[in-house]
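S.K.: Quick one, what's the 3D model for this:
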Amino acid sequence: MANSIHPENFQPRVDEFTDNIDRRETVGKVFEILFLLGLLVGLFVLALLIFDICSDGLGRFLTPGFITETPSRFPDRGGILPAIISSLSLGVIVILVSVPIGVGAALYLEEYAPKTWWTDIIEINISNLAGVPSIVYGLLGLGVFNYLLGFGPALISGALTLSLLSLPVIIVTSREAIRAVPDSLRNASYGLGVTKWQTISNHVIPYAVPGILTGVIISVSRAIGDAASLIVVGAVSFLTFNPGLFQRFMALPIQIYSYITRPEPGFSNAAAATIIALMLVILILNGAAIYIRQKYSLLR
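M.R.: Below you'll find the model as predicted:
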């Protein structure tokens, strides 16, 4: 027995354990380098695309009147003001419609809904809807908002269609953010005699706001940059007036598509300039959401 527990008998196992650790660390380093290379390749391609777009469209973008005038049949004239107003209006309406509904649905599913078979079916369907192509939502908006409700090919139809497109992503990300709130926070609130809704409104929602806004950023960016559903709903590619809520409308992605499909060489520069405007609109909206998210992160 004395020989079986001698330290020298454990040396082979210690060496084997050390070799396994070294092997795992080597494999981890290899994957770390591969992932870093993948990130660098993606950033390089993105930088190349941005450089190409800016080199083609920055001069046209800085042309006086490009932001403040209506489109023209000539590539070196006119602007994209109706498209900018339409895209901003679409983004604001999407936020006003989809965020309260999406966050409310996420709160109900996480905080109030009983864990039964029908809630499981709802959760599966919401997750599946997040991956549905946007053209399907365009067909749904065409049937419901254009024809059933009688809005026609108006700005409100496009905005509500994009709201449907954004809802699943907002619900899924909001549920994950609410689920990440520690139960100890809820229990401490309940221990002080606070009601369920007071706990949710004063503790759960403020804690989950950064994660919720992440989903809002993703969904609104996807909605503003979407063209397929808006084409189906009835967005036009040429508009000489600033659209109202119940009027025909256009959007920056539709304007880009219209410019690219025209044969005159000057329209390619106009398309690149419109892409710059679309990126700036998305950055402004995302910047506002990121500011609010960081503000709530500091308060948490």
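S.K.: need the contact list for the nearest residue to Pro243 once chain neighbours are set aside.
M.R.: Leaving aside its chain neighbours, Pro243 sits nearest to Phe249 (4.1 Å; criterion: Cβ to Cβ, 6 or more residues apart in numbering). (Each C-beta comes from the backbone N, C-alpha and C, glycine too.) With contact taken as Cβ atoms under 8 Å, 6 or more residues apart in numbering, Phe249 is in contact with Pro82, Ser86, Ser89, Leu90, Ala154, Leu155, Gly158, Ala235, Val236, Leu239, Pro243.
S.K.: How about Leu185?
M.R.: For Leu185, the residues meeting the contact criterion (Cβ under 8 Å, 6+ apart) are His203, Val204, Tyr207.
S.K.: among the residues you listed, who's most crowded?
M.R.: Neighbour counts for these peak at Val204, which has 22 neighbours (criterion: other Cβ atoms under 10 Å).
S.K.: gap between the closest residue to that residue other than its chain neighbours and Val209?
M.R.: Spatial nearest neighbour of Val204, chain neighbours left out: Val181 (5.1 Å); criterion: Cβ to Cβ, 6+ apart. For Val181, the distance to Val209 equals 11 Å [Cβ to Cβ, to the nearest Å].
S.K.: Low-confidence ranges, this protein, go.
M.R.: Filtered on pLDDT under 70, the chain yields the residue ranges 1-17, 19, 296-300.
S.K.: Dump the contacts of Phe249 into TSV; add neighbour count as well.
M.R.: Listed next are the contacts of Phe249 as TSV, based on neighbours: other Cβ atoms under 10 Å:
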residue	neighbour count
Pro82	23
Ser86	28
Ser89	20
Leu90	27
Ala154	22
Leu155	25
Gly158	35
Ala235	28
Val236	18
Leu239	22
Pro243	21
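S.K.: hmm, which two among those are most spread apart?
M.R.: Across these, no pair lies farther apart than Ser89 and Val236, at 14.7 Å, counting by Cβ to Cβ.
S.K.: any idea where the helices of this structure begin and end?
M.R.: Counting by DSSP state H, one finds helices in the chain at the ranges 11-61, 81-107, 117-129, 134-141, 155-179, 183-191, 196-199, 205-224, 228-233, 252-260, 266-299.
S.K.: what's the closest of these to Thr68?
M.R.: Nearest to Thr68, of all those, is helix 81-107, at 5.7 Å by Cβ to Cβ.
S.K.: Next, the angle from that closest one to helix 266-299.
M.R.: Going by axes from the mean of the first three to the mean of the last three Cα atoms, to 10 degrees, helix 81-107 is angled at 30 degrees with respect to helix 266-299.
S.K.: got the buried residues for helix 81-107?
M.R.: Judged by neighbour count (16 or more other Cβ atoms under 10 Å), helix 81-107 contains these buried residues: 81-91, 93-95, 97-99, 101-103, 105-107.
S.K.: Tell me the helices and strands packed up against that helix.
M.R.: helix 155-179, helix 205-224, helix 252-260, helix 266-299 (3 or more Cβ pairs under 8 Å, 6 or more residues apart in numbering; DSSP states H and E).
S.K.: What separation is there between Arg293 and Val220?
M.R.: Remark: distance between Arg293 and Val220 (Cβ to Cβ) = 13 Å.
S.K.: Excluding chain neighbours, what is closest to Phe145?
M.R.: Nearest residue to Phe145, sequence neighbours excluded (Cβ to Cβ, 6+ apart): Ser157, at 4.0 Å.
S.K.: list the contacts for that neighbour?
M.R.: By Cβ under 8 Å, 6+ apart, Ser157 lies in contact with Gly141, Phe145, Asn146, Phe151, Val233, Gly234.
S.K.: what's the closest of the residues you listed to Thr70?
M.R.: Using Cβ to Cβ, Gly234 is the member of these that lies nearest Thr70, at 19.0 Å.
S.K.: The closest one against Pro153, yeah?
M.R.: Yes: with contacts defined as Cβ atoms under 8 Å, Gly234 counts as touching Pro153 at a distance of 2.4 Å.
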